[in-house]
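In: I need the structure of the sequence given here:
(chains A and B)
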Amino acid sequence: MRPGPGSTLMTYLLLAGMAALFIAPLLMMFLGSLKADHRVLLESGSLTAFLPRELSLQNYSDVFRRSEFPRFFFNSLFITSCIVVCGLVVNSLAAYAFARLQWRGRDLLFNLVLALMILPFEAIAVPLFYGASILGLRDTYAVQILPFIANAFAIYLFYSFFIGMPRELEEAARIDGASTLRIFFSIIAPNAKPVFASVAILTFLTWWGSYLWPTMVTIGPTVRPLPVAIASFYTLPPLQWGDILAFGVMMVAPVVLLFVIFQRWFVAGVASSALKG
Amino acid sequence: MSRRRRLNDQTAPALLLAMPALLGLLLFILLPFATALVLAFTDLRLGSPLAVNLVGLDQFLYLFNDPDFMRALLNNLLFAAVAVPLQTLLALALALLLNRGLPGTLAFRTLFFMPVVFPMSLVAVIWSLIYAPGPNGMMNAFLQWASFGLWEAKDFLRDPLLAMPAIMLLSIWQGVGFQMVILLAGLQGIPQTLYEAAALDGAGRWRQLLHITLPQLRNPLIFVILVTTILAFRLFDQVQIMTRGGPENATTTVIYETVQAAFARQQVALASAMTVVFFLLVLAITLLQRRFTHHQREVA
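Out: Have a look, this model is predicted:
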């Protein structure tokens, strides 16, 4: 399908139109975070919303003054990193056992893991909340980390990758008498970097933005993560749009940075989650 | 047991490797889910000193006579019926435009995908500003400009007719890039020879789209429709932050009602019954998808 010159122009026009709609909220957020609070709403009704004039970092320092931003940022980073790192280890090891080892009960258990994939978090939130409440575990880091380390979908993604790796890789090591764990860490894992990257990014994205569970279990600001923090900062009087947008920019900056640097892996991760099914 | 069998049987190391993950899935997914299935048939309330009774289907009967919950179900269905087709069509259009491989494609793809990495709570806050009431709100100003001044400024999030469409629009904006990327990967997997053969037969662009592209894209399309439909039933963050289910229940959802019951009213059993209804919906959608996908494999 080689497009002719007329249709090339049409394609660009359509793409540019769509791009304007996609970029407007992003640009308004970024520029608004650098404008005086009263100007944000005032200018959002005209093209001046997108004009970078009289910018300052005042809103950013206001965020630090009016909220415990560093604490919320640390909470999000700590919770998300724990889930990502522990999850990578635990789920890849399980997937390896399912994909490469011979053992009784394997197929039955693996089918059970696959069946668990269809359970969205919302289907277990209520009993988990009940359990956390009666055990007195609300408002802790543990309750925001532990339930999410083991993940059926991550096991499935690792499994799909491991099952396609050539067996010869391990055979030699096995004949040399290397232990299963050693084979995994010295041969399998180093040759499976793409799937580790994809799972890490998908997991990070999911939990950096997770809102439902922390809004149920956190009570005070001590272990509150960013998504809950921005929702409560947004309702903190007086309504200062510049501050709210500055909060948002700082909250999303790490993800955008990661996305820009590792874009290939983001897209591969998302696509691999879909096409192997 | 023969020597050979013993050499091949790796049950002990395998269980050791799989144990942490299996234990986690058991404790934090299987057990809670089974608990929800049981609690749905009781009258448990959090912190209540009264004894817990089995009440059979009472909670479900209550739900289906509860106008708030029925409205929530209806809202989710409406969201799925309107937002899912719109979002899928938009994603398909964007993927087709990007698939022409024109210079600059990567920059456009980056931009369209960017909102996907934004936390929904932040998207909800940004769009609350866009939907600000009065002529200064960006959406009002845009609609006024686009309608040559005919549009009168509305308070989108407090208008029972506009609140749900407003939430749909920002959800599409946030999620369409995800679908687009999957469809784009699907498009790139279609063999070029199919198009060349069709062109030799004199098939125009629309016939090629209808008879080659869409059938070849069948599985990715079904997949993105499935995921987006399930997301439509998981709708919560936007609603909680922007409208709290209002105005007049116009934006309440099954998950919003579930959280209200469990969290604000301590009705754990009722919330569990809602969870079961939610699960059955997700299960039905998933089974429907499997059926369609399988059908295609049989034909191929």
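
In: three-state assignment of the residue in the stretch 101-250 of chain A positioned nearest to chain B?
Out: Closest approach between the stretch 101-250 of chain A and chain B, counting by CB to the nearest CB: A:A150, at 2.6 Å. All C-beta spots, glycine's among them, are computed from the backbone N, C-alpha and C. Classification of A:A150 using DSSP: H, G, I helix; E, B strand; the rest coil returns coil.

In: how far away is it from A:F30?
Out: In this view, A:A150 and A:F30 are 38 Å apart by CB to CB, to the nearest Å.

In: go on, A:F78?
Out: For A:F78, the distance to A:F30 equals 27 Å [CB to CB].

In: how about stretch B:156-165 and chain A, any contact?
Out: No: if you take CB under 8 Å from any CB of the partner chain as the test, stretch B:156-165 misses chain A, and the best it gets is 12.9 Å.

In: what about that stretch, start to end distance?
Out: Stretch B:156-165 stretches 9 Å from its first residue to its last (CA to CA, to the nearest Å).

In: identify all contacting residues around that stretch.
Out: Residues from elsewhere that reach stretch B:156-165 (CB atoms under 8 Å, 6 or more residues apart in numbering or on different chains): B:75, B:78-79, B:82, B:128, B:131, B:133, B:137, B:139, B:154, B:166, B:242-243, B:246-248, B:250-251.

In: mind checking how far A:I261 is from B:L22?
Out: On the measure of CB to CB, A:I261 and B:L22 end up 34 Å apart.

In: quick one on the thing from earlier: more neighbours: A:A150 and A:F30, which one.
Out: Neighbour totals were compared for A:A150 and A:F30, and A:A150 leads with 25 against 16 (other CB atoms under 10 Å in any protein chain shown).

In: thinking that one is in contact with B:M19, fair?
Out: No: A:A150 is beyond contact range of B:M19, at 10.3 Å (criterion: CB atoms under 8 Å).

In: now do B:Q87: how many residues are near it, please.
Out: 25.

In: who in the stretch 151-277 of chain A is up against chain B?
Out: A:152, A:155, A:179-181, A:184, A:205, A:208-209, A:211-212, A:215-216, A:226-228, A:230-231, A:234, A:241, A:244-245, A:248, A:251-252, A:255-256, A:258-260, A:263, A:266-267, A:270-271, A:274-275, A:277.

In: the stretch 151-300 of chain B against chain A: which residues are in contact?
Out: Within the stretch 151-300 of chain B, the positions lying close to chain A (CB under 8 Å from any CB) are B:173, B:178, B:181-182, B:185-186, B:189, B:195, B:199, B:205, B:208, B:219-220, B:223-224, B:227, B:230, B:234, B:236-237, B:240-241, B:255, B:258-259, B:262-263, B:268, B:271-272, B:274-275, B:278-279, B:282-283, B:286, B:293.

In: filter those down to the buried ones.
Out: Buried members of those, scored by 16 or more other CB atoms under 10 Å in any protein chain shown, are B:173, B:178, B:181-182, B:185-186, B:195, B:208, B:219-220, B:223-224, B:227, B:230, B:234, B:236-237, B:240-241, B:255, B:258-259, B:262-263, B:268, B:271-272, B:274-275, B:278-279, B:282.

In: check contacts around the closest residue to A:P147 other than its chain neighbours.
Out: Among residues not flanking A:P147 along the chain, B:F28 sits closest, at 3.9 Å (CB to CB, 6 or more residues apart in numbering or on different chains). Counting by CB under 8 Å, 6+ apart, B:F28 touches A:124, A:128, A:146-148, A:150.

In: now swap in A:A97 and tell me
Out: Counting by CB under 8 Å, 6+ apart, A:A97 touches A:103, A:106, B:13-15, B:17-18.

In: give me the below-cutoff pLDDT ranges for chain A.
Out: Applying pLDDT under 70 to chain A flags residues A:1-6, A:272-277.

In: biggest helix in it, by residue count?
Out: Using DSSP state H, we find that the single longest helix of chain A is helix A:69-100.

In: got the buried residues for that one?
Out: If you call a residue buried by 16+ other CB under 10 Å, then helix A:69-100 has these buried ones: A:69, A:72-73, A:75-76, A:79-80, A:82-84, A:86-88, A:90-100.

In: what does stretch B:27-42 give?
Out: Residues B:28-30, B:32-33, B:35-36, B:39-42 are the ones in stretch B:27-42 that count as buried (16+ other CB under 10 Å).

In: now intersect those with the helices, please.
Out: Reading helices off the buried residues of stretch B:27-42 with DSSP H, I get B:32-33, B:35-36, B:39.

In: what's the domain layout of chain A?
Out: Following automatic domain parsing, one finds the domains of chain A at A:5-62, A:67-236.
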